[in-house]
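Enquirer: predicted model, plus sequence, below.
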Amino acid sequence: MRRLVITLSVLCLCAVASSAQQAVFDLDPAKTVVQFTLGDVIHTVHGTFKAKSGQVAFDPSTGDASGTFVIDTTTGDTGNHTRDRKMHKEILESEKYPEASFTPTKVTGNVAATGESSVQVQGVFRLHGTDHAMTLNVPLKASGGGLVAKLYFVIPYVDWGLKDPSNFILRVSKQVEVDITAPGRYLPANAQ
């Protein structure tokens, strides 16, 4: 019995020590801005999505990361109801796939306690029910316990299996550009 108590105590201490080594970024979905741009031959379409949730935890010594950033695909809005209806029904199929997400697996680089820094984040972007490996360069700005992450990436949506909305009159790009500004709370590993 004593051996069991000692073993459980050691495991608990290891778990506490392990969690203390994790840095955590909790984004604020209400303040997060997700914008997208899709070019066509006539004009460029700009739109937005809303963030649903997001947290990234990582060990600064190993780079191992976990968590998920979730975008609500049902909130896609370009300001044109006809275009939005087609986007939701035929392209994103947002009723069937109401979320897009990024799950980090590795963070490389150091997060400055204040001021600007940059990290590289590897992970998996899930869109339309399919996973895609992705590496993002993420500029950061820290101040007063808060952190703002800026993300920019290009999604080759047609190559990823989504329908091309082009027709004989309208020709659109086969890629969509995504810009995200994600503010939130940052708790460094040594502060826990």
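Expert: Received, thanks.
Enquirer: and residue 149, bridged to which residues?
Expert: residue 140, residue 182 (DSSP bridges).
Enquirer: confirm that residue 190 sits in a helix.
Expert: Yes: counting by DSSP: H, G, I helix; E, B strand; the rest coil, residue 190 is part of a helix.
Enquirer: okay, it and residue 60: tell me how far apart.
Expert: To residue 60, residue 190 is 9 Å away according to C-beta to C-beta, to the nearest Å. Where you see a C-beta, it was placed from the backbone N, CA and C, and this is true even at glycine.
Enquirer: again with residue 114
Expert: Counting by C-beta to C-beta - residue 114 and residue 60 are separated by 16 Å.
Enquirer: more neighbours, the two?
Expert: With neighbours defined as other C-beta atoms under 10 Å, residue 114 and residue 60 compare such that residue 60 has more, 17 against 10.
Enquirer: for that one, helix, strand, or coil?
Expert: Assignment for residue 60 (three-state DSSP): coil.
Enquirer: for the residue nearest to residue 143 when sequence neighbours are not counted, give me phi and psi.
Expert: Spatial nearest neighbour of residue 143, chain neighbours left out: residue 114 (5.7 Å); criterion: C-beta to C-beta, 6 or more residues apart in numbering. Taking degrees, to the nearest 10, you get phi -140, psi 150 for the backbone angles of residue 114.
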